[in-house]
Structure formats: C-alpha cells, structure tokens
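Visitor: sequence first, then the predicted structure, then my questions.
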Amino acid sequence: MVDDTIPVRSGEELNLRTLEDFLRKNVMDLPNEPLELQQFSTGYSNLTYQLKMGEWEAVLRRPPLGPVAPKAHDMKREHHILSSINPYFQAAPEPILFSDDDSIVGSPFFLMERKHGVVIDSKFPEGVEPTSERCRQLSYVMVNQLADLHSIPYEKTGLAEISKPEGFIERQVHGWISRYERAKTDEIKEVGPLIDYLQKNIPQYSQTSIIHYDYKINNAMFNQNLSEMVGLFDWEMSTVGDPLADLGVALSYWTESSDPELIKFGLGQASVTTLDGFLTRQEFIEAYAVRSGRNVSNIDFYLTFGYFKLAVILQQIYYRYKKGQTNDLRFSKLGTTVKSLITHAAHVAAKEA
C-alpha cells in the first residue's frame, strides 16, 4: 500500500489540543491515546488531514487558507452530499460529523471515514506493473463507476432538496464564465471565441442524474489488484444535473499520449491515463454509452465546457496566488496551464463550430 500522507505542511497546522478536546466531546468510544495528525499530499484546493488515535482513524476536510470564491468549499454542503449518497454508492466515504465552529480548526469542517487502498496519479505503485491489460481494466472500472453513479435514483436521496436540475447546463455555462471574469489575471486571445461558442451552443435538452463533477483517476481509490473502486473523494461540486456534463469533466482530465505537452504536463507529471492500454477519450465515451444507455451524440460541447471549467478552477487558484492570498509555490505556474487549457478548448470548439 502506498503511503498517501505527509507531515503537515508549514502554515497549515491545526491546534492538536483544541481538536482532540472537540473530538472527545463529540465522537463516541475514542481510545485513550493521543491524537496524531498527518496531511494528504495531493490536491490543490481543500485541506485534508488524517486523524489517528490508536486504532481509530478519520479524515478531516476544511477549506483552503485565505479568501475563497463565493459558494466554493462549502463543508456543510459536502457533508450533506456524502450523507445522501453513501447509502447508494459505497465508494463515497461515510460522513461522521460536521462542525461550523471556527474556533476548532479556523473554519467549518467535517469528518468522514478513512478508506484504505491504492491511489493512482502519475504512476502506478511500486511493485505493480502497468501492463496494457491492467490499464484497460482500470479504465473500465472508472467508466462503469461513473455510469453507475448516474443510475442512482436521485429523487430517493437528500440531494433532491438542494438541487435545481431544470436549466442546469445553461446556469453552469453562464456561471463559470462569470467566475472566470471575476478571477481573470491575464489576457488570453482565445477566451473570447471560446466563450462565444459556449453561449451559442448550450444544449436545449439535458438529462438528469447525480453527478460528481470532479471525476478523475486521482480522486479515486482502488483495491490492491485494481479491479474495484473502494473510494471516491472530493464531492464538493457534486449535485443533481446533466450526466454528460459530468462525463465531459471526466474526459477533460483523461489525458492521452497524443495530447499537447502543456495539457499532459500542466499540473506536473503526466497522468497514468497516457500509458499504453488506457482507453482513449473516444473509447471512454463509447464504453460509457454502452454501460449507461445514454445518448452521447453532443459530447463535444460537454468536453469543451469541461476544459473551460477546469481552466476556471485553476484560474481561481492562480488568482489567489497572484493576490498574495496563498504562498504555495505549486500555484505559481498555473497561469500557463490555464492558457493552454483555454487554447485547447478553443481548438476543440472550432472543430465543432
């Protein structure tokens, strides 16, 4: 098993005594052992920590430091989402509690179960050979879990009460354009034609399902032989909406070996999905259509929007870095990544226009 935690990064420490006192008052049957804290190393957004007391384990999630975009990083909402989805989708971690008491860790936060397994990002774990067969198997696990999530009857979950599926994709397109304009730092010539394409090609009909909306291979956890997904994380953007928007977002993360270098390496090392054996995006689309039975004929619009949405998320992070609201040096090159994503999205749009 790969160790997926690191010592807590400088500036992101929590007050152990305050947190332990809170846990002992609010969590049943904790062992009489001191609280140990580690941090999960991946992710550019929310801060996520591993808590341990003897054999007891949990995961704590809180928003990033500094000002955040309106309505983003809503811990109460993510806790509600997990509470609603976990009974129907076991890869979603079971939530433990939510707290809006800022005095504990400096912001609202929630606790959820600690899952164990294999997390894959830019390479396979040591000792696991990335054979073509294994890569293909892993591809189908990703496709099938996404389609199965979309098959859950959302009306039976608690998500129906916090969702507005009617007009979802239109609101999303206009909403992410507004987010980009608020977080803009540099002039990118391709953004004008791209926004024009998105506004003029909003689908008139959209389907409805539960969507994860940040579905990518390094947000998933697998069992040791990679035949099953045992965990799926980062549910903060999940809602009830158009499943093809979810598929488009997943495809925007699903890089191929033939993609431009800045797309493959924009966030560091290339994803394992560029290795031989992984489904191409087109094969992913076709496998999803078979598993879900959904019409995917207009998926190119959703893929274009997926690239734009990813660019805006990174632009918001880059904006915080440029304004001195965070000093994490990992964010210093995101402006180049944003430009490459917008340029790539514009090229995809131009082929369809």
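Guide: Thanks, I have the structure now. Numbering: from 1, shown residues only.
Visitor: CA atoms of the longest helix seen in the chain as CSV?
Guide: The residue-count maximum for a helix in the chain (DSSP state H) belongs to helix 299-322. Provided in CSV are the C-alpha atoms of helix 299-322 (Å, rounded to 0.1, in the frame of the first residue of the first chain):
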residue,chain,number,x,y,z
ILE,A,299,-20.5,15.1,-26.1
ASP,A,300,-18.0,17.5,-27.9
PHE,A,301,-19.8,20.5,-26.4
TYR,A,302,-19.6,19.0,-22.9
LEU,A,303,-15.9,18.2,-23.4
THR,A,304,-15.2,21.8,-24.5
PHE,A,305,-17.1,23.0,-21.4
GLY,A,306,-15.1,20.5,-19.3
TYR,A,307,-11.8,22.0,-20.4
PHE,A,308,-13.1,25.5,-19.7
LYS,A,309,-14.4,24.6,-16.3
LEU,A,310,-11.1,23.1,-15.3
ALA,A,311,-9.3,26.2,-16.6
VAL,A,312,-11.5,28.4,-14.5
ILE,A,313,-10.9,26.3,-11.3
LEU,A,314,-7.2,26.7,-11.8
GLN,A,315,-7.6,30.4,-12.7
GLN,A,316,-9.3,30.9,-9.3
ILE,A,317,-6.4,29.3,-7.5
TYR,A,318,-3.9,31.3,-9.6
TYR,A,319,-5.8,34.5,-8.8
ARG,A,320,-5.4,33.8,-5.1
TYR,A,321,-1.7,33.2,-5.6
LYS,A,322,-1.2,36.4,-7.6
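Visitor: tell me what that helix is packed against?
Guide: helix 168-183, helix 191-200, helix 243-253, helix 334-352 (3 or more CB pairs under 8 Å, 6 or more residues apart in numbering; DSSP states H and E). (Each C-beta comes from the backbone N, C-alpha and C, glycine too.)
Visitor: quick one, what contacts the residue positioned nearest the centre of the chain?
Guide: By CA atoms, centre = their mean, the chain has its centre lying nearest to Asp214, at 3.2 Å. Asp214 makes contact with Asp234, Trp235, Glu236, Met237, Ser238, Val249, according to CB atoms under 8 Å, 6 or more residues apart in numbering.
Visitor: and which of the residues you listed is nearest Asn295?
Guide: Closest approach to Asn295 among those (CB to CB): Val249, at 18.1 Å.
Visitor: now Tyr302: closest residue in space, sequence neighbours ignored.
Guide: Setting aside the residues directly before and after it, Tyr302 is nearest to Gly248 in space (CB to CB, 6 or more residues apart in numbering), at 3.0 Å.
Visitor: and of the contacts of Asp214, the nearest to Ile195?
Guide: Distances from Ile195 to the contacts of Asp214, taken by CB to CB, are shortest for Val249, at 17.8 Å.
Visitor: can you tell me how far the closest one is from Lys351?
Guide: Plainly put, Val249 is 19 Å away from Lys351 if you go by CB to CB, to the nearest Å.
Visitor: which one of these two is surrounded by more residues?
Guide: Neighbours were counted for Val249 and for Lys351 using other CB atoms under 10 Å; Val249 has more, 25 against 8.
Visitor: what sits closest to Phe331 if chain neighbours are left out?
Guide: Nearest non-adjacent residue to Phe331, counting by CB to CB, 6+ apart: Tyr321, 3.9 Å away.
Visitor: circling back to that earlier point, and the contacts of Asp214, which is closest to Tyr140?
Guide: Proximity of the contacts of Asp214 to Tyr140 (CB to CB) peaks at Val249, which lies at 18.9 Å.
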